[in-house]
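Undergrad: here is my input, please return the structure:
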Amino acid sequence: MSSDNPPPYANPNRSSAASDTKYGFDSTAYTVDNTGPSIYPSAHDYVPPGVEPVSRDARLPAPSAPQMDSSVAQQQQQQQQQQQQQQCAQPQQLVGQTNVYYTRPGVPVQVPTATGGMMIIGGGSVNFHIYRDGWVSRDCRILTADKKSVAYHIDYPYSFFGSWHVNMRRGSSHGPTVFLITKSAMGWDFTIQDPVNPALSTKLTRSGGGVLGKRKHSFKGFDGKNYAWKGHGLGGDLKCVCYPTKTIIAFYHRTKHSWSKEGRLEILPNGHHLLDLVVATGFAVEEWERQNR
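TA: The predicted structure is shown next:
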């Protein structure tokens, strides 16, 4: 084609593109129609190379989460707190242990007894009353604060030469054994052991002589801390102290002028987690001192 006779579509002053078709060029294929769907907000928007085009819907603000009623949120928070309190109030057990219960300080719990009842362990101090079974018997009943329910029973048979073979049972004289308390005839130390889990064992060691306020019976708790029963005052009472903080966790109040009641054991809230062990050691120390007074 000669440059002297250019085709009509090359003429910028043409009035219509209809004549372009006869030269094999359809200019309508290059027109932009905004009526059809497009991924661009506008056909005239420029998108740099290598950048993914953004759809029209993606540029809209994300829908906000529905607002929760404040009363509903408070109810859910209260329910969560109640569930946590219920979990804390359940009696916990040491790993591999079936008899020894411990509680969280300040949280009341119910511990099942051998007779099918429940022993209430309150959030404050726990009091046990210790009674001798008879004039000649060395067995003891350890009652709860109401002085009616049996929390523990001490089977203490007679033996020769001062040896001990004491069985501390839960709930009654036929209840499950909590601890075995033993002492050789020639020794001063006691061994307190759980027969179900022999790994739970501790030694109760005496030191300090017989001077009032100076006597001391030391043992290591199952929580790994060191404890000791010591003289408290001039009346023969005892206190259980945690070392090295010197925190008192229990008292043994000796009963005066009574043929059957031996005393009252008071366990403070910070000693609840060693409830059974404090009872066992407190009984052993008081009984040893009673025999040697």
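Undergrad: let me know the helix or strand that Gln77 is in.
TA: According to DSSP states H and E, Gln77 maps onto helix 70-89.
Undergrad: is it fair to say Val278 lies in a helix?
TA: Yes - assigned with DSSP: H, G, I helix; E, B strand; the rest coil, Val278 falls within a helix.
Undergrad: check what pLDDT the residue nearest to Thr182 when sequence neighbours are not counted gets.
TA: Counting by CB to CB, 6 or more residues apart in numbering, Thr182 lies nearest to Thr191, which is 5.0 Å off, once chain neighbours are set aside. (Glycine included, C-beta is placed from N, CA and C.) Predicted confidence (pLDDT) for Thr191: 93.
Undergrad: for stretch 146-163, what is the average pLDDT?
TA: 84.
Undergrad: ok, and what's touching it?
TA: Contact with stretch 146-163 is made by 113, 115, 117, 119, 128-129, 138-144, 164-173, 175, 178, 182-186, 279, 283, 287, as judged by CB atoms under 8 Å, 6 or more residues apart in numbering.
Undergrad: same thing with stretch 183-194?
TA: Contacts for stretch 183-194 (CB under 8 Å, 6+ apart): 97, 99-100, 159-164, 178-182, 200-206, 219, 277, 280-281, 284, 288.
Undergrad: mark which of these are part of helices, please.
TA: Among the contacts of stretch 183-194, DSSP state H puts 277, 280-281, 284, 288 in helices.
Undergrad: in CSV: those, plus pLDDT and distance to Gln75.
TA: Listed next are the ones in helices among the contacts of stretch 183-194 as CSV, based on pLDDT from 0 to 100; distance: CB to CB, whole Å:
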residue, pLDDT, distance to Gln75
Leu277, 96, 41
Ala280, 95, 45
Thr281, 95, 46
Ala284, 91, 51
Trp288, 82, 56
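Undergrad: helices along the protein, start to end?
TA: 70-89, 275-291.
Undergrad: buried deepest among those helices, which one?
TA: helix 275-291 (a mean of 22; mean count of other CB atoms under 10 Å).
Undergrad: the closest residue to Val166 other than its chain neighbours and Gly263, how far apart?
TA: Computed as CB to CB, 6+ apart, the closest residue to Val166 that is not its neighbour in sequence is Ile181, at 3.9 Å. As judged by CB to CB, to the nearest Å, Ile181 and Gly263 stand 17 Å apart.
Undergrad: cool, thanks, talk later.
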